[in-house]
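Q: Mind folding the following:
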Amino acid sequence: NPTLPTDCASFGASCVQGGQAQLPVTDGNLITGTSGRYFAQEVAEMISWSLDRAAQPPSPCSIAVTELDLEAVTLPPAGPATAGWAIGCERSDGARAVCPLGNGFVLVGYTFSSPAGTCDLLVVRCDAGGAVLWARAIGGPGTDAGEGVCATSDGGIVAVGRTTSVGAGVDDLWLVKLDGAGNIVWTRTFGGAGPDAGFGVASTTDGGFVACGRTSEGIELPSDAFIVRVDADGNELWTTKIGGGKLERGHAIAERPDGDLFVAGGTTSSGRGNYDAWLVALSPEGSLLWQRTYGLGQFDVAEDLALMPDGGFFLAGTGDEDSKDGNDILAVRFDAAGTLAWANRIGDRMSFDYGEAVVPLDDGGYLVCGARNAPSTMRNDAWLVRLAPDGKTVWTQNLGERSENEWASACCRLASGQVVVVGHPLSAGAGRA
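A: Model (predicted):
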């Protein structure tokens, strides 16, 4: 871009052209990041952390629970979707994760619909027909949001995310346990003085929970994957960090029946590209057993992880082989020892396609949800992709109005065998998302 040096100078920033992509930096109210598809998530997080740092400092007594009266709008069926609902209030609400609970499901995400108008953790319980049983906004004066959720053995749920309303630092990994009626049982924060966040959570066979995310000692410093294990009451059993001096993050976590733990995410410390999909194996005590990467070029990252009946793993995410065209849904299969079985990319050359979550199917195949941004519309549509057991595409389906933006963030399978997909619609509902 020939005008980039002049544009940067007009904002008081320096422009360095060529060479390696650089992590975003902040200087007062100015944030500078590498242009192009480099560290896009880190640039957005830098902006968020800088705004949060200027907001009200954390207070250990600042968390409140608000019961929400959400409006539910029925959506027409589309393709394989038999029913749909847009659930929210007049302000922005979005779902980031979902898990089955009883005969229905629970979704977590973010909401701006609480009386204070700040971003809070959103938790909504629905029956199998999509009717809202209860909805809660949980948060304080800062920014609070949910990124992952799992069911508990006693009929409740544990949500993981981030909070600036409580905790020790700029941002902290946040665990919240609720009973089946939506009442808080306990909350815990983990992290230091720098930014920390949680993205995935899973129950363990001992009745406790494991969570994964990212941690850093400072806003402009490298990050590590952050793994936390707690007992059934939320008491810390151990925490560990895994990294290589650059950027690492854990997006999804699961426990195999033998007790070993597995984390999927992204790394820039090893592999072939700017970012590579990353699979890490840990012992039940948190010791590193092995790690694997997969990538072909510019950007590959795993967003979700499914354990398979043969002990192997399926990773769903996003891949960008060539910065000159769009990106694709990334599907990667490893065997039980972490050996690559196959990998596939699903998408058109000039479209921007994103994989967010996966549900294994009875025939050995997979259903992946995410989003597609086609050049003809320049807007996002929620996108479903069904894959055969060997990773080949069986069918794809767009969901949503092409005049608006939609994004499918997560999916899960109910007790009935149906699959629920959740995310952010702008084409229907009471609010902005």
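
Q: quick one, what contacts Ala135?
A: Glu67, Leu68, Asp69, Leu70, Ile87, Leu122, Val123, Val124, Arg125, Gly182 (Cβ atoms under 8 Å, 6 or more residues apart in numbering). For glycine as for every other residue, the C-beta is placed from the backbone atoms N, C-alpha and C.

Q: Try it again at 6 Å.
A: Leu68, Leu70, Val124 (Cβ atoms under 6 Å, 6 or more residues apart in numbering).

Q: which secondary structure element contains it?
A: strand 132-139 (DSSP states H and E).

Q: State the mean pLDDT of that strand.
A: Throughout strand 132-139, pLDDT has a mean value of 94.

Q: Restricting to C-alpha, output it in CSV.
A: Taking C-alpha atoms only, strand 132-139 is exported to CSV below (Å, rounded to 0.1, in the frame of the first residue of the first chain):
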residue,chain,number,x,y,z
VAL,A,132,-36.3,-20.4,26.9
LEU,A,133,-36.5,-21.9,30.5
TRP,A,134,-34.4,-19.1,32.0
ALA,A,135,-31.7,-16.6,31.1
ARG,A,136,-29.1,-14.8,33.2
ALA,A,137,-26.7,-12.0,32.7
ILE,A,138,-23.7,-12.3,35.1
GLY,A,139,-21.1,-9.6,35.4
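
Q: So which bits of that strand are buried?
A: By neighbour count with 16 or more other Cβ atoms under 10 Å, strand 132-139 contains the buried residues Val132, Trp134, Ala135, Arg136, Ala137, Ile138, Gly139.

Q: Check the offset of that strand from the chain's centre.
A: A distance of 20 Å separates the centroid of the chain from that of strand 132-139, by Cα atoms, centre = their mean, to the nearest Å.

Q: Parallel or antiparallel, list what pairs with it.
A: Strand 132-139 has its sheet partners listed here by DSSP bridges as strand 64-67 (antiparallel), strand 120-126 (antiparallel).

Q: residue ranges for the helices of this protein, please.
A: All helices of the chain, identified by DSSP state H, fall at 4-10, 40-53.

Q: mean confidence for the first one?
A: Per-residue pLDDT over helix 4-10 has a mean of 69.

Q: Likewise for stretch 225-237?
A: On average, stretch 225-237 scores 98.

Q: which residues touch it?
A: Under the contact criterion Cβ under 6 Å, 6+ apart, stretch 225-237 has outside partners 186, 188, 190, 207-215, 238-242, 248-250, 265.

Q: now with 7 Å?
A: 173, 175, 177, 186, 188, 190, 196, 207-215, 238-243, 248-250, 263, 265, 280, 282, 286 (Cβ atoms under 7 Å, 6 or more residues apart in numbering).

Q: just the CA coordinates of it, formatted as PDB?
A: What follows is stretch 225-237, C-alpha atoms only, in PDB (Å, rounded to 0.1, in the frame of the first residue of the first chain):
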ATOM      1  CA  ALA A 225      -1.600 -21.800  26.400                       C
ATOM      2  CA  PHE A 226      -3.100 -21.800  29.900                       C
ATOM      3  CA  ILE A 227      -4.600 -25.000  31.400                       C
ATOM      4  CA  VAL A 228      -6.400 -25.100  34.700                       C
ATOM      5  CA  ARG A 229      -7.700 -28.100  36.600                       C
ATOM      6  CA  VAL A 230     -10.100 -27.800  39.500                       C
ATOM      7  CA  ASP A 231     -12.100 -30.200  41.700                       C
ATOM      8  CA  ALA A 232     -15.900 -30.400  41.900                       C
ATOM      9  CA  ASP A 233     -16.000 -27.400  44.200                       C
ATOM     10  CA  GLY A 234     -13.800 -25.200  42.000                       C
ATOM     11  CA  ASN A 235     -10.700 -25.600  44.100                       C
ATOM     12  CA  GLU A 236      -7.500 -25.400  42.100                       C
ATOM     13  CA  LEU A 237      -5.700 -28.700  41.700                       C
END
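
Q: Identify each buried residue in it, please.
A: Ala225, Phe226, Ile227, Val228, Arg229, Val230, Ala232, Gly234, Leu237.

Q: And the residues you listed, which is closest to Ser92?
A: For the buried residues of stretch 225-237, the minimum distance to Ser92 (Cβ to Cβ) is 27.3 Å, reached by Phe226.

Q: Among the contacts of Ala135, which has the minimum pLDDT value?
A: Leu70 (76).

Q: just checking, that residue touches Val132?
A: Yes - the pair Leu70 / Val132 is scored as a contact, 5.6 Å apart, by Cβ atoms under 7 Å.

Q: what touches both of these two?
A: Contact with both Leu70 and Val132 is made by residues Ile87, Val124, according to Cβ under 7 Å, 6+ apart.

Q: Please convert the buried residues of stretch 225-237 to TSV, extending it with distance to Thr339.
A: Converted to TSV, these look like this (distance: Cβ to Cβ, whole Å):
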residue	distance to Thr339
Ala225	21
Phe226	27
Ile227	23
Val228	28
Arg229	27
Val230	32
Ala232	35
Gly234	36
Leu237	30
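
Q: Between which two of those residues is the distance greatest?
A: The most distant members of those, if one measures by Cβ to Cβ, are Ala225 and Ala232, lying 24.0 Å apart.
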